[in-house]
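Engineer: Would you be able to build a 3D model of this:
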Amino acid sequence: MLLRQIEKFLRETGMPWTKFGRLAAHDPRFVEDLRNGRTPRPQTEARIVRFIATYRETNHA
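Structural biologist: Numbering: from 1, shown residues only. Coordinates of the predicted model:
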């Protein structure tokens, strides 16, 4: 589930959820909306997964 991946990423990095939303989805409320039941489009979900993978590669290699 995408929200679990995001929550784990936020714990690992210490990144605020609003910053994650701005950087990954161009929406500072993205994580809050997911927590409240929002279902992202497949393209958005793929973009978020890519963001997490890229961030980990470039910042925590």
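Engineer: where's residue 32, which helix or strand?
Structural biologist: helix 30-35 (DSSP states H and E).
Engineer: ok, now which ones touch the residue sitting nearest the centre point of the chain?
Structural biologist: Centroid check for the chain by CA atoms, centre = their mean gives residue 6 as the closest residue, at 4.6 Å. Residue 6 makes contact with 17, 20, 31, 34, 48, 52 under the criterion CB atoms under 8 Å, 6 or more residues apart in numbering. Where you see a C-beta, it was placed from the backbone N, CA and C, and this is true even at glycine.
Engineer: so what does the helix holding residue 32 touch, helix or strand wise?
Structural biologist: Taking 3 or more CB pairs under 8 Å, 6 or more residues apart in numbering; DSSP states H and E as contact, the helices and strands that helix 30-35 lies on are helix 2-13, helix 17-20.
Engineer: Beyond that helix, next helix or strand please.
Structural biologist: From helix 30-35, the next helix or strand downstream (DSSP H and E) is helix 42-59.
Engineer: Show the average pLDDT along that following helix.
Structural biologist: For helix 42-59, mean pLDDT rounds to 96.
Engineer: any residues touching stretch 20-31, and which ones?
Structural biologist: Residues contacting stretch 20-31 (CB under 8 Å, 6+ apart): 3, 6, 9-10, 17-19, 32-33, 40, 44, 47-48, 51-52.
Engineer: So which bits of it are buried?
Structural biologist: 20, 21, 24, 25, 30, 31 (16 or more other CB atoms under 10 Å).
Engineer: How far off centre is that stretch?
Structural biologist: 7 Å (CA atoms, centre = their mean, to the nearest Å).
Engineer: Now it - C-alpha only, PDB.
Structural biologist: Coordinates of each C-alpha in stretch 20-31 appear next as PDB, following Å, rounded to 0.1, in the frame of the first residue of the first chain:
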ATOM      1  CA  PHE A  20       7.100  15.200   1.000                       C
ATOM      2  CA  GLY A  21       3.800  16.200  -0.600                       C
ATOM      3  CA  ARG A  22       5.200  19.300  -2.100                       C
ATOM      4  CA  LEU A  23       8.300  17.500  -3.500                       C
ATOM      5  CA  ALA A  24       6.700  14.200  -4.600                       C
ATOM      6  CA  ALA A  25       3.200  15.200  -5.700                       C
ATOM      7  CA  HIS A  26       3.300  19.000  -5.900                       C
ATOM      8  CA  ASP A  27       0.600  19.000  -3.200                       C
ATOM      9  CA  PRO A  28       1.400  19.700   0.400                       C
ATOM     10  CA  ARG A  29      -1.800  18.100   1.500                       C
ATOM     11  CA  PHE A  30      -1.200  14.900  -0.400                       C
ATOM     12  CA  VAL A  31      -0.200  12.700   2.600                       C
END
